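K.L.:
Build me a structure from this.
(one chain, ligands or ions: 1)
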Amino acid sequence: MEKLIFATNNQNKVEEIKSLIGDLFEVVSLKEAGIDIEIPEPHNTLEENATEKSRTIYQLTNQNCFSEDTGLEVAALNGEPGVKSARYAGEAVSFSNNLDKLLINLKGKTDRRAQFKTVISLILNGKEHQFTGICQGRVIDFERGTNGFGYDPVFVPDGSDKTFAEMTLEEKNFFSHRKKATAQLLAFLSLNGKNSSI
Ligand code: ITT
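P.N.:
Numbering: from 1, shown residues only. Modelled structure (predicted):
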């Protein structure tokens, strides 16, 4: 089976991506590959950070790999936390610190529109490709549910009454930004196999 290293240290992402890719490709996490590295995310866009992550691992391994950078973009906060989603409340903070800060900043705001955006950066045979997935919805003003990770307890996707954290993984996959970006990745990979020159 074709092997792809997934350049992430976020185990929740690994589980979601593996559930989406199934056994079409062998997805190997950094942990499974024995790579212990903190990948820098120094840029101001998801696109650049995703590229930084995949290039870092490609330079280290010289193997086909992909990464993804995801942000929650909130309309009433001018797109924040966006690219800073993992570090919204500061460096080395927990998911709940970030979530608390989001709810405080949204307190009293009636415009609750938000979207998750995932950018996947693939390096296949030394060439880079990007795929984007967006899920629109809204941020509610209190946490509901215990599944998922990150901002899932406060995000309700359009077309549902449940937060992502109230959904099973299969339900979240039906709506999610990550699912949409991964579907494009899979379509591309199925057309362009390992030995392709694309
Ligand atoms: P890697 O860089 O190692 O992949 P990370 O957790 O730092 O892992 P990001 O830089 O993409 O990942 O940070 C995005 C943050 O946004 C993440 O830490 C979560 O808090 C949040 N997030 C990402 N995807 C999410 C999802 O599907 N549901 C809820 N929150 C999510």
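K.L.:
what's around whatever residue of the chain ends up closest to the ligand, how many residues?
P.N.:
Among all residues of the chain, Gly150 sits closest to the ligand, at 2.3 Å; criterion: C-beta to the nearest ligand atom. Just so you know, the C-beta spots here come from the backbone N, C-alpha and C atoms, and that holds for glycine as well. Other residues near Gly150 come to 21 when the count uses other C-beta atoms under 10 Å.
K.L.:
same check, this time on the one 3 residues further on
P.N.:
Pro153 has 22 neighbouring residues, counting by other C-beta under 10 Å.
K.L.:
about what we covered before: next up, the contacts around the residue of the chain closest to the ligand.
P.N.:
12, 72, 85, 95, 98-99 (C-beta atoms under 8 Å, 6 or more residues apart in numbering).
K.L.:
Out of the residues you listed, grab the one that's most surrounded.
P.N.:
Leu72 leads those on contacts (other C-beta under 10 Å) with 28 neighbours.
K.L.:
Settle this for me: it is touching Ala114, isn't it.
P.N.:
Yes: Leu72 is within contact range of Ala114, at 6.0 Å (criterion: C-beta atoms under 8 Å).
K.L.:
shared neighbours of the two, anything?
P.N.:
139, 155.
K.L.:
mind listing what's buried in stretch 76-95?
P.N.:
For stretch 76-95, burial by neighbour count (16 or more other C-beta atoms under 10 Å) applies to 77, 80-83, 85-86, 88-89, 95.
K.L.:
Of those residues, which ones also sit close to the ligand?
P.N.:
Restricting those to those near the ligand by C-beta under 6 Å from any ligand atom leaves 85-86, 95.
K.L.:
All the strands of this protein, residue numbers only.
P.N.:
Remark: strands assigned in the chain by DSSP state E are 3-6, 26-29, 65-74, 81-82, 113-124, 127-139, 155-157.
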